[in-house]
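In: The sequence and its predicted three-dimensional model are supplied below.
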Protein chains: 2
Amino acid sequence: MRLSTKALYAVRAMVCLNLQKGGEPVSIREISARERISLTYLEQLFAKLRRSDLVRSVRGPGGGYVLARPAAEIALDAIIDSVEETLAPASCVEQKEPCCHGEQCVTHQVWLELGERIRDFLASISIEDLSRDALERRRGDLLNPETGELS
Amino acid sequence: MRLSTKALYAVRAMVCLNLQKGGEPVSIREISARERISLTYLEQLFAKLRRSDLVRSVRGPGGGYVLARPAAEIALDAIIDSVEETLAPASCVEQKEPCCHGEQCVTHQVWLELGERIRDFLASISIEDLSRDALERRRGDLLNPETGELS
DNA sequence: AACATTCCCGAGCAAAACTGTCAATTAAAG
DNA sequence: CTTTAATTGACAGTTTTGCTCGGGAATGTT
Ligand code: FES
Ligand code: FES
């Protein structure tokens, strides 16, 4: 039940893009350095993100990627759909083929619902939400440096 | 975000066990035939289920496996824990190591919560629940054979 | 025009995980 | 003592993952 690194990386990268001051393009190289993710691997991910219209690319010096839409309108499920194949817990949920012999499958409904829950949860969180959290945390760090930990 | 066949098979097998009339042991061979799952593969799964005290084994002729506890007390998360490694969507959620560089990780909280939701959902469903559904559906089949589909 | 920067694309590839198989053994019932 | 069936450990084939590499094409700078 693990998400692949593709999904993990893509979400982090998208937050990175949104955190950029002034909405200037962020280069893959920069993200690679900041997030410690292989540069060439990131290229692959951004190719998919672009094809899904989640980011726009700007070529040439000073270029990079920008979010294609307002961060509040980009939810995590869309990002994961873009770079990873599926959020469904079982192959049959996406009508590939039934897992079981002819009869009605006892467990199908469960996996269907589980898939829905996962998607609903991820759809309820946007890049904006994550960015806000990140900023709040940084501010918190400045205000309470003595506590060490933050709630 | 797929569950492995281990998880899928194990849940179906456990329902099989519970559906047995009279609580007699069900052999792996029988389950293999009924659910069309490789016999030797099932052996592996049941070894794990037994080590987790979810089933008890009875050797010799007429032997097989029985649920170790009442079906209502066996939830799906326990079964999946038993045969599969994890329900956590990211490795860092199980305190292996942080995914990110030194700082606080922007996305960690999300994966943590997602993992909780998944576990909560699966923990809310017992083998008994699934068995009841299965029986109701069979009864429904008998009552409304003309509809073909059931809600 | 030359050059540097950056995105773009496709192929390839090693390691891990997944999905099993096989052989040999032990325990119990009849 | 024979048959049934669980128990164990090793191993093999395939798929997926997580990358790398090599070369291009667009764009801005000098
Ligand atoms: S057909 Fe979907 S779980 Fe069996
Ligand atoms: S440390 Fe858990 S997601 Fe980064």
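Out: On my side now, so go ahead. Residues are numbered from 1 along each chain as shown, chains lettered A, B, ... in the order given. Ligands and ions are numbered 1, 2, ... in the order given.
In: Quick check: buried residues in the one helix or strand residue A:116 maps to?
Out: Here residue A:116, judged by DSSP states H and E, is contained in helix A:108-123. For helix A:108-123, burial by neighbour count (16 or more other CB atoms under 10 Å in any protein chain shown) applies to A:110-111, A:114-115, A:117-119, A:121-122. Where you see a C-beta, it was placed from the backbone N, CA and C, and this is true even at glycine.
In: Between these, which sits nearest residue B:71?
Out: Nearest to residue B:71 among the buried residues of helix A:108-123 is residue A:110, at 14.8 Å by CB to CB.
In: circling back: say whether chain B is contacted by the helix holding residue A:116.
Out: Yes: using CB under 8 Å from any CB of the partner chain, helix A:108-123 reaches chain B at A:109-111, A:113-114, A:117-118, A:121-122.
In: Make JSON lines out of those residues and add pLDDT and distance to ligand 2.
Out: Shown next, in JSON lines, are the residues of helix A:108-123 next to chain B (pLDDT from 0 to 100; distance: CB to the nearest ligand atom, whole Å):
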{"residue": "A:109", "pLDDT": "93", "distance to ligand 2": "31"}
{"residue": "A:110", "pLDDT": "96", "distance to ligand 2": "27"}
{"residue": "A:111", "pLDDT": "95", "distance to ligand 2": "25"}
{"residue": "A:113", "pLDDT": "96", "distance to ligand 2": "26"}
{"residue": "A:114", "pLDDT": "97", "distance to ligand 2": "22"}
{"residue": "A:117", "pLDDT": "98", "distance to ligand 2": "20"}
{"residue": "A:118", "pLDDT": "97", "distance to ligand 2": "17"}
{"residue": "A:121", "pLDDT": "98", "distance to ligand 2": "16"}
{"residue": "A:122", "pLDDT": "98", "distance to ligand 2": "14"}
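In: Point me to the residue of chain A nearest ligand 2.
Out: In chain A, the residue that lies nearest ligand 2 is residue A:8 (6.7 Å; CB to the nearest ligand atom).
In: which residues touch that residue?
Out: Residue A:8 is in contact with B:90, B:99, B:107, B:111, counting by CB atoms under 8 Å, 6 or more residues apart in numbering or on different chains.
In: hmm, which of these are the buried ones?
Out: B:90, B:99, B:107, B:111.
In: what's the lowest-pLDDT member of the residues you listed?
Out: Ranked by pLDDT, the buried ones among the contacts of residue A:8 bottom out at residue B:99, which has 74.
In: ok, for that one, nearest residue in space, not its chain neighbours?
Out: Leaving out its chain neighbours, the residue that sits closest to residue B:99 by CB to CB, 6 or more residues apart in numbering or on different chains is residue B:92, at 4.6 Å.
In: Can you name the residues that contact the one you found?
Out: Contacts of residue B:92 by CB under 8 Å, 6+ apart are B:98-99, B:105, B:108, B:111.
In: If we only consider the residues of helix A:108-123 next to chain B, which is nearest to ligand 1?
Out: residue A:111 (5.3 Å).
In: So that closest one sits against residue B:2, correct?
Out: No: counting by CB atoms under 8 Å, residue A:111 does not reach residue B:2; the two are 9.8 Å apart.
In: what sits in contact with each of those two?
Out: Common neighbours of residue A:111 and residue B:2, using CB under 8 Å, 6+ apart, are A:88-90.
In: which of the residues you listed lies closest to residue B:76?
Out: residue A:89 (11.0 Å).
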